[in-house]
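Colleague: curious how this folds, go ahead:
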Amino acid sequence: MPEGHTIHRAARDHGRVLAGQVLAVSSPQGRFAEGAALIDGRRCVGVEAYGKHLLYRFDSGDALHIHLGLFGRLRKQKLPLSAPRGAVRVRLVGKSHVVDVNGPNICRLLDPPQIQSLIQRIGPDVLRSDADPERAFKRIAKSRAPIGRLIMDQSVMAGIGNIYRSEILWRQGVHPETPGRAVDRETFDRIWNDAKALLAIGVKHDAIITVERVAEGAAPSKARTRERVNIFGKDSCPTCGQQIRRFEIDGRRAFACEACQPSGAGAGAGAGAAQD
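Modeller: Numbering: from 1, shown residues only. A predicted model of the protein is given here:
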C-alpha cells in the first residue's frame, strides 16, 4: 500500500496539471460511469491529500475520493490520449495531461458534508500544515496498544505506513511494542517531527529515504522500490551490528534492533537522522 508521501506527491503533481481546468471525466472500465458523468465537464479547483486519501475537488462542491489500497495505481501522462492500460476505473483529462486511476480500493463522489465527515475521521497528517499533533498525542497517551500499531492507525496519525513505522521508531530509539501510554510528550514530539521530515523527503524524491546522506547529491536506490532504509528488511543494525528482530504487528512485518530500541523503552537518544 502506498505510504503518505506517495499520495502527497500525487496531490501536488496532479494539482499542477489539473487544478483550475474543466476536466473530461470518464470511466473506461465502466464501474464508475455514473459518478464520472456527474463531474464530467466540471472545473477541478484543487487536489488534496489527507493521509492516504486523495480528494479531487470540483466547483460543484463535490470531491472525487480515491484510496488506492493495496493494488490501486495512479498514472499521469501528457496528451495526446492513449488507450487505457488495464481496467481504468476513472480517467481525468485536462488541457495537457491525463490521470488514470486503476484498481482503487475506494473510488466515489463525496458531497460537502461527506467530505467533512471523512476529514474528521482521519488522524492528523504529518505532512499537512493544518495538522494538530496534540490530537495524536492525546490518543496515544491514553492507549495500552503498542506504539508500532498506533502510529500506523490512520485515525490516530495519518500517512505513516509499514516501512516508515520501523524506520522512525528505530531512529528514535523506541521499541515498536512500547505501550502508547508509556510514550512521553518529548518522545512523541521526536516521532512526529521525524515522521514529518522523512515523509517530506519522500515527497521530494518520490522514494522512501531514511538513511543519512552518504554523499552530496546522493540519489534513491535504483532497485525497484528505490528505497534507502536502515533496518526494514535488513538482517543487522547499521549502528551496533546486532541482528534485527523480525516480527508482526497486526499481520504486518515489523523490525527492531533490541539493543538500540530496548523493549518497553519509550524514549531514547535516537539511532540516526536523515538529512536532505
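
Colleague: helices of the stretch 1-150 of the chain, residue ranges please.
Modeller: Using DSSP state H, counting those that start in this stretch, the helices of the stretch 1-150 of the chain run over residues 4-18, 33-39, 112-121, 133-141, 147-150.

Colleague: how about the stretch 151-276 of the chain?
Modeller: All helices of the stretch 151-276 of the chain, identified by DSSP H, counting those that start in this stretch, fall at 162-171, 185-205.

Colleague: and the shortest one with helix 185-205, angle?
Modeller: Here the directions of helix 162-171 and helix 185-205 differ by 130 degrees (axes from the mean of the first three to the mean of the last three CA atoms, to 10 degrees).

Colleague: how far away from the center of its chain is helix 162-171?
Modeller: Here helix 162-171 is found 13 Å from its chain centre; the criterion is CA atoms, centre = their mean, to the nearest Å.

Colleague: now that helix: mean pLDDT?
Modeller: Rounded to a whole number, the mean pLDDT of helix 162-171 is 97.

Colleague: tilt between that helix and helix 4-18?
Modeller: Using the same axes, to 10 degrees, helix 162-171 lies at 130 degrees relative to helix 4-18.

Colleague: now do helix 162-171: everything it contacts.
Modeller: 1, 3-4, 147-148, 151-152, 160, 175-176, 191, 194-195, 198-199, 208, 210, 227, 229-232, 237, 252-257, 260-261, 270-274 (CB atoms under 8 Å, 6 or more residues apart in numbering). C-beta: built from backbone N, CA, C; applies to glycine.

Colleague: show the pLDDT at the closest residue to residue 102 other than its chain neighbours.
Modeller: In space, and not counting its chain neighbours, residue 102 is closest to residue 73: 4.5 Å by CB to CB, 6 or more residues apart in numbering. Looking at residue 73, its pLDDT is 96.

Colleague: surely residue 73 touches residue 99?
Modeller: No. Using CB atoms under 8 Å, residue 73 is not in contact with residue 99, being 11.1 Å away.

Colleague: the more surrounded of these two?
Modeller: Neighbours around residue 73 and residue 99, counted as other CB atoms under 10 Å, are more numerous at residue 99. The numbers are 23 against 14.

Colleague: excluding its backbone neighbours, what's nearest the more buried one?
Modeller: Closest residue in space to residue 99, ignoring its immediate chain neighbours: residue 92 at 4.5 Å, by CB to CB, 6+ apart.

Colleague: number of residues surrounding that neighbour?
Modeller: Residue 92 has 25 neighbours, counted by other CB under 10 Å.

Colleague: mind checking how far it is from residue 35?
Modeller: Distance of residue 92 to residue 35, given as CB to CB, to the nearest Å: 12 Å.

Colleague: that older thread, okay if I get the helices of the stretch 151-276 of the chain as JSON lines plus distance to residue 40 and mean neighbour count?
Modeller: As requested, these are exported to JSON lines (distance: least, CB to CB, whole Å; neighbours: other CB atoms under 10 Å):
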{"stretch": "helix 162-171", "distance to residue 40": "37", "mean neighbour count": "26"}
{"stretch": "helix 185-205", "distance to residue 40": "30", "mean neighbour count": "19"}
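
Colleague: among those, which comes closest to residue 244?
Modeller: helix 162-171 (8.9 Å; CB to CB).

Colleague: quick one: low-confidence residue ranges for the stretch 1-150 of the chain.
Modeller: 1 (pLDDT under 70).

Colleague: who's the residue nearest to residue 99 bridged to?
Modeller: Residue 92 has these beta-bridge partners by DSSP bridges: residue 25, residue 99.

Colleague: what sits against it?
Modeller: Applying CB under 8 Å, 6+ apart, the residues near residue 92 are 14, 18, 23-25, 44, 56, 64, 98-101.
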